[in-house]
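Engineer: 3D, please:
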Amino acid sequence: ISPMRQRPPPKGGDVAYNNENILRQLRHYNEIRKVGGKECVQDIYARDPNTSGDNTRFWFVGKVARCTGTVSAEAAIARQMNLLEEHATRI
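Structural biologist: Prediction:
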């Protein structure tokens, strides 16, 4: 058995960075996008920690979909922070 398969499951519950959660969030994103259109989608950027001041650089790390009028962009991002942080470190 590969050593990678022997690792314990990642922490974070239903937003831990694992295949099952990533695919579920993708399905939810597509469903919300289908109903709400592009107005319910936000691009997510992460700041490069090795840059600052006038040289600050931001990297596109993904998108988040939310129900307009019921969930703020900030709340949608906060709820998925585990996934977003882990994904940003991997790309």
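
Engineer: Doesn't Gln42 belong to a helix?
Structural biologist: No - applying DSSP: H, G, I helix; E, B strand; the rest coil, one finds Gln42 to be strand, outside a helix.

Engineer: I figured it hits Arg66, correct?
Structural biologist: Yes - here Gln42 lies in contact with Arg66, judged by CB atoms under 8 Å, at a distance of 7.2 Å. (Each C-beta comes from the backbone N, C-alpha and C, glycine too.)

Engineer: between those two, which one's more packed in?
Structural biologist: Arg66 (20 against 16; other CB atoms under 10 Å).

Engineer: Next one: that one from Ile77, what distance?
Structural biologist: 9 Å (CB to CB, to the nearest Å).

Engineer: before we move on, back to that, what touches both of Gln42 and Arg66?
Structural biologist: Ala73, Ala76 (CB atoms under 8 Å, 6 or more residues apart in numbering).

Engineer: Quick check: nearest residue in space to Thr56, chain neighbours excluded?
Structural biologist: Nearest-residue entry for Thr56: Arg47, 6.5 Å, with adjacent residues in sequence omitted and distances by CB to CB, 6 or more residues apart in numbering.

Engineer: Alright, I will stop here.
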